[in-house]
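Student: give the three-dimensional model of this entry:
(2 chains)
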There are 2 protein chains.
Amino acid sequence: MRIIESVPNISEGRDQEKIKRIMASLEAHKDINVIGCEPDKDYNRTVISLIGTPEIMIEALVDLTRAAAREIDLNHHSGQHPRMGAVDVIPLIPISGVTMKEAVDYARILGEKIAMDLTIPVFLYAEAATEEKRVNLPNIRKGEFEGMKEKIKDPEWKPDYGHPEIHPTFGAVAIGARAPLIAYNIDLDTHDEKLAATLARMIRKSNGGFQYIQAGPASLIDRGHVQVTMNILDYKKNPIYRIFELIKLEAKRYHVAVPSAEIVGLVPKEALCQSLAYYFGVESIAEKPEDLSLEALVDYAVRFLDLRDFSIEKIIESYL
Amino acid sequence: MRIIESVPNISEGRDQEKIKRIMASLEAHKDINVIGCEPDKDYNRTVISLIGTPEIMIEALVDLTRAAAREIDLNHHSGQHPRMGAVDVIPLIPISGVTMKEAVDYARILGEKIAMDLTIPVFLYAEAATEEKRVNLPNIRKGEFEGMKEKIKDPEWKPDYGHPEIHPTFGAVAIGARAPLIAYNIDLDTHDEKLAATLARMIRKSNGGFQYIQAGPASLIDRGHVQVTMNILDYKKNPIYRIFELIKLEAKRYHVAVPSAEIVGLVPKEALCQSLAYYFGVESIAEKPEDLSLEALVDYAVRFLDLRDFSIEKIIESYL
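Tutor: Numbering: from 1, shown residues only, chains lettered A, B, ... in the order given. Below is the predicted model:
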């Protein structure tokens, strides 16, 4: 089954009616599964998660963008999160049966369609970027909606699709392909946020650690302990189990326990299977994780990765 | 005590008499400690290691370069290792009481002196590089002695010191500053080189691992096992113990023992202390590694890091 995920971010996080009308544009697409819709008032931005087969996803994302263009006027928008478009960014994420190269192709098809049908200029970013300086979205978005009016006329910032002028109320949109990202936090049985920061530095790329790990400390006031909080940008190269075991190993010297960990949002089944394969190897368990039911995977993930608040709804494949 | 190490590479590895005469140029400098001189016939290149205080090292390195210019004519040189100069490269490595910034300053002073006194063009590389594309030595050296005749006239490849023409028999030299590099190998109790390659990929930068680790597999025919062989380019950010423990952790799933490890060449005392501090923490040993004698450090390094063939002569500080 060929499945991609997309996490479009729209620049409206306050007006529930508008958000509802924009989300309604997805209803015509029965084979799309909307698995998340999280508005943020401070950001004035809503993060939507949907999965489906690539061709149907493209149609749905064009419709979503059309609805956002109708509902949102960035000339009257303010919020804490930087933005350049009514739909600010549309990442395509290969989940199953789709290669990254194919996801890049779908990003191009979607980009061309949005530029043609809706007269919205499109910048390709991340894996779909056409040059190095367009890989990182913040580079493209710098100047935001207000600055983009002039920036887009600079030949250096010619959009990948569409004319070099912003849509007067929508702005411009970034479309790209990227690997699924896992938001993963490891609990430390201490109040010492400095220790969480020390451990984060040991594993994150910016301090010489793993290439695909962004990490920092966090204090959970209600729960009464600290965390190493992180994004795993490529779980194939930096698997969960390796990070978890390394943090346990480092915490030992400080005699601090690592009682649990959590996944925020969704995790691809493959990421769990890959990490469980490590523990199955160590414990000589003959089963193959990929042959297990999602229920069994959850049980093993709780047992070996000490995941708390974990359930089948956290696995992307449970929506397929 | 302010100490730097330098590892000049000279383009003569066969003629012992020539090498002796070049090494003799160092004898006048009593406060320099020559800790290594390893000629390689296939490479036709000799790697020299010396340590001392920065000012005296600069004088010694100018004399060594002068002697090499007298003895070596690159028009009649062949060997397997790429080279562009009779002295091909002179890295300066801060060891004690010297910052990297100061080491860069010393590289500049040395470069200016060699260009002025010996009419040899100098390229600054590594931490001393004046632009991004000169950071990596192979970029500068591309084309080698033969190609450098033309390349150096290209304004893009203007030398940092000296005129844009090579010395007719010497060529050109690269001078730079870099962190001490540790050549470190971890033994695996198996003949399976593929497994060593798998483990190497897990930790090395080029596959998403630690930022400062270059690693690959090696088969030790005589010893009858394989190794993960690596360079640790920055032991402060990627300490030995972390690599060692992670490899042990990963090897567990394959039920392969990790009986020992080795350091090839020299290791700064600080790198050992930093790794022992981890084990002292885990085992609640109250001593501070940096307060121990070098003999005691060796004992602990053998005990906790399972280093084989390790002795005080492997620690740079034993030569101070």
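Student: buried residues, stretch A:302-319. List them.
Tutor: Across stretch A:302-319, burial judged by 16 or more other C-beta atoms under 10 Å in any protein chain shown covers A:304, A:305, A:306, A:307, A:310, A:314, A:315, A:316, A:317, A:318, A:319. Every residue, glycine included, has its C-beta placed from N, CA and C.
Student: can you flag which of the residues you listed belong to helices?
Tutor: Mapping the buried residues of stretch A:302-319 onto helices (DSSP state H) picks out A:304, A:305.
Student: just the buried residues of stretch A:302-319: which are in strands?
Tutor: Judged by DSSP state E, the buried residues of stretch A:302-319 include no members of strands.
Student: export the buried residues of stretch A:302-319 to TSV and tack on distance to chain B and pLDDT?
Tutor: What follows is those, written out as TSV (distance: C-beta to the nearest C-beta, whole Å; pLDDT from 0 to 100):
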residue	distance to chain B	pLDDT
A:304	12	98
A:305	14	98
A:306	16	98
A:307	19	98
A:310	22	96
A:314	24	91
A:315	23	93
A:316	22	89
A:317	24	88
A:318	27	89
A:319	28	82
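Student: what are the ranges of the strands in the stretch 201-320 of chain A?
Tutor: A:213-220, A:225-232, A:261-264 (DSSP state E, counting those that start in this stretch).
Student: run through who's touching the second one.
Tutor: Applying C-beta atoms under 8 Å, 6 or more residues apart in numbering or on different chains, the set of residues contacting strand A:225-232 from outside is A:181-193, A:195-196, A:199-200, A:203-204, A:212-220, A:238, A:240, A:243, A:247, A:271.
Student: can you give the domain ranges for chain A?
Tutor: For chain A, automatic domain parsing gives the domain ranges A:3-177, A:182-319.
Student: dump these to TSV, plus distance to residue B:154.
Tutor: Below are the domains of chain A laid out as TSV (distance: least, C-beta to C-beta, whole Å):
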stretch	distance to residue B:154
domain A:3-177	24
domain A:182-319	34
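Student: buried sites along the host helix or strand of residue A:59?
Tutor: Under the criterion of DSSP states H and E, residue A:59 resides in helix A:54-71. Neighbour-count burial for helix A:54-71, counted by 16+ other C-beta under 10 Å, picks out A:54, A:57-58, A:60-69, A:71.
Student: helix or strand right after that helix?
Tutor: strand A:87-96.
Student: after that next one, which helix or strand is next?
Tutor: Note on strand A:87-96: by DSSP H and E, the next helix or strand toward the C-terminus is helix A:100-118.
Student: not counting its own residues, what contacts that following helix?
Tutor: Residues from elsewhere that reach helix A:100-118 (C-beta under 8 Å, 6+ apart): A:4, A:54, A:57-58, A:61-62, A:65-66, A:69, A:90, A:92-94, A:98, A:120-122, A:124, A:127-128, A:159-162, A:167, A:170, A:173, A:175-177, A:179.
Student: kindly recompute the last result at 6 Å.
Tutor: Contacts to helix A:100-118, defined as C-beta atoms under 6 Å, 6 or more residues apart in numbering or on different chains, come from residues A:54, A:58, A:61-62, A:65-66, A:69, A:92, A:94, A:120, A:122, A:124, A:127-128, A:161-162, A:175-177.
Student: got the angle for that helix vs helix A:54-71?
Tutor: 40 degrees (axes from the mean of the first three to the mean of the last three C-alpha atoms, to 10 degrees).
Student: what's the mean pLDDT across helix A:100-118?
Tutor: For helix A:100-118, mean pLDDT is 98.
Student: do stretch A:74-89 as well
Tutor: Across stretch A:74-89, pLDDT averages out at 94.
Student: also stretch A:239-253?
Tutor: 98.
Student: repeat for stretch A:201-217
Tutor: 95.
Student: so which bits of that stretch are buried?
Tutor: So, applying 16+ other C-beta under 10 Å, buried residues of stretch A:201-217: A:201-205, A:208-217.
Student: tell me which two of the residues you listed sit farthest apart.
Tutor: A:211 and A:217 (20.5 Å; C-beta to C-beta).
Student: coming back round to it: need the max-distance pair from the buried residues of stretch A:302-319.
Tutor: A:306 and A:319, at 24.8 Å, using C-beta to C-beta across the buried residues of stretch A:302-319.
Student: hey, what's the closest residue to residue A:65 other than its chain neighbours bridged with?
Tutor: In space, and not counting its chain neighbours, residue A:65 is closest to residue A:87: 5.0 Å by C-beta to C-beta, 6 or more residues apart in numbering or on different chains. Per DSSP bridges, the residues bridged to residue A:87 are residue A:10.
Student: right, and residue A:87 touches residue A:10 too?
Tutor: Yes - in this structure, residue A:87 is within contact of residue A:10 by C-beta atoms under 6 Å, at 5.3 Å.
Student: okay, which residue is most central for chain A?
Tutor: By C-alpha atoms, centre = their mean, the mean C-alpha position of chain A lies nearest to residue A:181, the distance being 5.2 Å.
Student: what residues do residue A:87 and residue A:10 have in common as contacts?
Tutor: What both residue A:87 and residue A:10 touch, as defined by C-beta under 6 Å, 6+ apart, is the set residue A:68.
Student: contact residues of chain A facing chain B?
Tutor: A:208, A:211, A:212, A:237, A:238, A:245, A:249, A:252, A:253, A:278, A:281, A:282 (C-beta under 6 Å from any C-beta of the partner chain).
Student: got the end-to-end distance for stretch A:96-104?
Tutor: Using C-alpha to C-alpha, to the nearest Å, the end-to-end distance of stretch A:96-104 comes to 15 Å.
Student: check which helix or strand the closest residue to residue A:133 other than its chain neighbours maps to.
Tutor: Spatial nearest neighbour of residue A:133, excluding adjacent residues (C-beta to C-beta, 6+ apart): residue A:139 at 5.5 Å. Per DSSP H and E, residue A:139 falls inside helix A:137-141.
Student: that helix: which residues count as buried?
Tutor: Those would be A:137, A:140, A:141, for helix A:137-141 by 16+ other C-beta under 10 Å.
Student: excluding covalently adjacent residues, which one is nearest to the first one?
Tutor: Spatially, and ignoring its direct neighbours in sequence, residue A:137 is nearest to residue A:125 (5.1 Å; C-beta to C-beta, 6+ apart).
Student: next up, phi/psi of the one you found, please.
Tutor: phi -140, psi -180 (degrees, to the nearest 10).
Student: likewise for the one 3 residues further on?
Tutor: Residue A:128 adopts backbone torsions of phi -90, psi 0, taken as degrees, to the nearest 10.
Student: how about the contacts made by it?
Tutor: A:104, A:107, A:176, A:177.
Student: distance of it from residue A:140?
Tutor: Applying C-beta to C-beta, to the nearest Å, the value for residue A:128 to residue A:140 is 12 Å.
Student: tabulate the buried residues of stretch A:302-319 in CSV, adding columns for distance to residue B:112.
Tutor: Below are the buried residues of stretch A:302-319 laid out as CSV (distance: C-beta to C-beta, whole Å):
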residue, distance to residue B:112
A:304, 59
A:305, 57
A:306, 59
A:307, 59
A:310, 62
A:314, 61
A:315, 63
A:316, 60
A:317, 64
A:318, 67
A:319, 66
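Student: pretty sure residue A:3 is touching residue A:92, no?
Tutor: No - Residue A:3 is beyond contact range of residue A:92, at 11.2 Å (criterion: C-beta under 6 Å).
Student: neighbour count winner among those two?
Tutor: Using other C-beta atoms under 10 Å in any protein chain shown, the more surrounded residue of residue A:3 and residue A:92 is residue A:92, with 31 against 21.
Student: wouldn't the more buried one be in contact with residue A:175 here?
Tutor: No - with contacts counted by C-beta under 6 Å, residue A:92 stays clear of residue A:175, the gap being 7.5 Å.
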